[in-house]
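**Student:** Would you be able to build a 3D model of this:
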Amino acid sequence: MENATFEPVKSPAPAFQPYRLLVADDDVPLSQFLRRGLQSEHNGVDVVNDGEMALQALSQNRYSLLILDLNLPKRDGMSVLQEIRPKSPMLPIMVLTARSRLEDKIMALDAGADDCMVKPFSFQELLARTRALLRRNVGGGSRTTVQVGDLILNRSELRAERTGKKLDLTSKEFMLLEYLMLNSPQPVTREMIMENVWKGSYDGSTNLIDVYVKYVRDKVDKDFPTKLVQTIRGVGYVLREK
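**Tutor:** Numbering: from 1, shown residues only. All right, here's what the predicted structure looks like:
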């Protein structure tokens, strides 16, 4: 078997992306189109064109979503799916296929795909389904406790503490902190915060999110030497150890 070398497609992109996606498709024009379209939503996107490169990329990097064509050379998409799913049970996987038979879609879903789209497809629908998978993953699955540095959040008990000191948070502050921690160490935009915490559309004329981030920052960072809540100019916010 030839040694596959993973070389992601290089293109101009923001310094910080909320999500990092992998597109595995042997249709080069389509994969480039998907890359540009997904990057337009401020995602970081890597592209590979065969199954071996997909497995290598997945072993070397942490991705928020895999978009996987079933008809790949060297290792077909179904083989990649069957190998990666046990290793990455929480990774959202969107399967693309030119096979329109119901049996093929059922086989992909049973093998571990979270969603399946038949080519040709609407790119706007793919974007919507991609956002849904990313939101579902950000929900954190069954994780009860989330930790970043010395900050611990217990989701079932609605309790947050730092170095053992309980943080007195309102319900909305707790939800905002939870969202930042579940995304850590990736930045999130104001649009993402509004959509996932307030469940609404972002209005650039309001400073509601900035005000609540300040509330959370005052409670999380004020009395501690290491500051976790950081502003990424031109992007949004991130919670992580510097």
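**Student:** The most centrally placed residue in the chain: what's it in contact with?
**Tutor:** When the chain is reduced to its mean C-alpha position, the closest residue under C-alpha atoms, centre = their mean turns out to be Ser64, at 3.3 Å. Ser64 makes contact with Tyr19, Arg20, Leu21, Asn43, Pro92, Leu134, Asn137, Gln186, according to C-beta atoms under 8 Å, 6 or more residues apart in numbering. Glycine gets a C-beta too; all of them are placed from N, C-alpha and C.
**Student:** Quick check: closest non-adjacent residue to the fifth one.
**Tutor:** Same thing as Pro92. Leu133 (3.9 Å; C-beta to C-beta, 6 or more residues apart in numbering).
**Student:** From the chain's centroid, how far away is the helix or strand bottoming out on mean pLDDT in the chain?
**Tutor:** Least confident helix or strand of the chain, by mean pLDDT, DSSP states H and E, is helix 123-138 with a mean of 81. Taking C-alpha atoms, centre = their mean, to the nearest Å, the mean C-alpha location of helix 123-138 is offset from the chain mean by 10 Å.
**Student:** same for it, what does it pack against?
**Tutor:** For helix 123-138, the helices and strands in contact under the criterion 3 or more C-beta pairs under 8 Å, 6 or more residues apart in numbering; DSSP states H and E are helix 28-39, strand 65-69, strand 93-97, strand 115-118, helix 171-183.
**Student:** May I have that helix exported as PDB, CA atoms only?
**Tutor:** What follows is helix 123-138 as a C-alpha-only set of coordinates in PDB (Å, rounded to 0.1, in the frame of the first residue of the first chain):
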ATOM      1  CA  PHE A 123     -25.600  23.500  -1.200                       C
ATOM      2  CA  GLN A 124     -27.900  25.600   1.000                       C
ATOM      3  CA  GLU A 125     -29.500  22.500   2.300                       C
ATOM      4  CA  LEU A 126     -26.000  21.000   3.000                       C
ATOM      5  CA  LEU A 127     -25.100  24.200   4.900                       C
ATOM      6  CA  ALA A 128     -28.200  23.900   7.000                       C
ATOM      7  CA  ARG A 129     -27.600  20.300   7.800                       C
ATOM      8  CA  THR A 130     -24.000  21.000   8.600                       C
ATOM      9  CA  ARG A 131     -25.000  23.700  11.000                       C
ATOM     10  CA  ALA A 132     -27.500  21.300  12.600                       C
ATOM     11  CA  LEU A 133     -24.800  18.700  13.100                       C
ATOM     12  CA  LEU A 134     -22.300  21.200  14.600                       C
ATOM     13  CA  ARG A 135     -25.000  22.500  17.000                       C
ATOM     14  CA  ARG A 136     -25.800  19.000  18.100                       C
ATOM     15  CA  ASN A 137     -22.100  18.200  18.700                       C
ATOM     16  CA  VAL A 138     -21.600  21.500  20.600                       C
END
